[in-house]
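>>> Sequence plus predicted model, see below.
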Amino acid sequence: AQSVAQPEDQVNVAEGNPLTVKCTYSVSGNPYLFWYVQYPNRGLQFLLKYITGDNLVKGSYGFEAEFNKSQTSFHLKKPSALVSDSALYFCAVRDQAGTALIFGKGTTLSVSS
Amino acid sequence: GAVVSQHPSRVICKSGTSVKIECRSLDFQATTMFWYRQFPKQSLMLMATSNEGSKATYEQGVEKDKFLINHASLTLSTLTVTSAHPEDSSFYICSASRGTTEAFFGQGTRLTVV
């Protein structure tokens, strides 16, 4: 069975500092990995995905993530955080195209000015 | 990019009534649609998977007679919460797939049962 772990309920970072939101996964076969962001009472906004190819994936709003197969991780990163980045972030995985995404529990990112 | 429209965005209903939530893929044909439920500050839990023209597949613990899913066309799936109770109050989100690696999400529906 597929699963995603986001070990941190909350990440706090000062504006301008780099941020990392952690994600590890478990899936049989090759993983399709995703990051989404959610603002209060809103749907999910797609940030980036890893399907194949370069392990470093660049996405929307300056975010990037690195796929590490040996550590089964897909951590989300941004070099310089903005207050507007404060939101709930979800890592998700699927094991093949067309199947449902399985989500982690989410990590609340709080960026202080 | 592909657009998924979910309606209504917010609904309040009385206990015992039924509520229908629509999920439409506006510019592509969705071979599969997924319905998720999200409790406050928690993750999205997959409720069911529906393929056009066939019965939905429900996840363990989800009552299929309570959460009726219809996927009558390649652009529309509906979730009906029957005989709603306050514990059904939640945020419901649909997702549509066209069989590729992408997953497209609706804006979500906030259901409050009073």
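Great, that's in hand.
>>> Residue numbers of chain A in contact with chain B?
A:32, A:34, A:36, A:41-44, A:46, A:49, A:51, A:88, A:90, A:92, A:94, A:97-106, A:108 (CB under 8 Å from any CB of the partner chain). Placement of C-beta: from N, CA and C, glycine included.
>>> Any of those buried? List them.
Buried subset of the residues of chain A next to chain B (neighbour count, 16 or more other CB atoms under 10 Å in any protein chain shown): A:32, A:34, A:36, A:43-44, A:46, A:49, A:88, A:90, A:92, A:94, A:98-106, A:108.
>>> I'd like to know how far the most centrally placed residue in chain B sits from chain A.
Closest to where the C-alpha atoms of chain B average out (CA atoms, centre = their mean) is residue B:35, at 3.8 Å. Relative to chain A, residue B:35 is positioned 9 Å away (CB to the nearest CB, to the nearest Å).
>>> So that residue: helix, strand or coil?
Look at residue B:35: counting by DSSP: H, G, I helix; E, B strand; the rest coil, its state is strand.
>>> before we move on, back to that, in helices, which of the buried ones among the residues of chain A next to chain B appear?
Among these, none falls in helices (DSSP state H).
>>> can you map out the strands along the chain?
Picking chain A for this. For chain A, the strands defined by DSSP state E cover A:3-5, A:10-14, A:19-21, A:24-26, A:32-38, A:44-50, A:56-58, A:64-68, A:73-78, A:87-94, A:102-103, A:107-112.
>>> wait, I meant chain B there
Shown for chain B, the strands assigned by DSSP E span residues B:4-7, B:10-13, B:19-25, B:32-38, B:44-51, B:57-58, B:67-73, B:76-81, B:90-97, B:104-105, B:109-113.
>>> who are the neighbours in contact with the residue nearest to residue A:86 when sequence neighbours are not counted?
Leaving aside its chain neighbours, residue A:86 sits nearest to residue A:111 (4.9 Å; criterion: CB to CB, 6 or more residues apart in numbering or on different chains). Residues counted as contacts of residue A:111 (CB atoms under 8 Å, 6 or more residues apart in numbering or on different chains) are A:12-15, A:19, A:81-86.
>>> rewinding a little: among the strands of chain B, which is nearest residue A:8?
With distances scored as CB to CB, the stretch of the strands of chain B nearest to residue A:8 is strand B:44-51 (17.8 Å).
>>> who does the closest one touch, helix- and strand-wise?
Applying 3 or more CB pairs under 8 Å, 6 or more residues apart in numbering or on different chains; DSSP states H and E, we find strand B:44-51 packed against strand B:32-38, strand B:57-58, strand B:67-73.
>>> Quick check: buried residues in that strand?
Across strand B:44-51, burial judged by 16+ other CB under 10 Å covers B:44-51.
>>> what lines up beside it in the sheet?
With DSSP bridges as the test, strand B:44-51 is paired with strand B:32-38 (antiparallel), strand B:57-58 (antiparallel).
>>> neighbouring contacts of the shortest one?
Translated: strand B:57-58. By CB under 8 Å, 6+ apart, the list of residues contacting strand B:57-58 reads B:47-50, B:64, B:67.
>>> Go again with 7 Å.
B:47-49, B:64 (CB atoms under 7 Å, 6 or more residues apart in numbering or on different chains).
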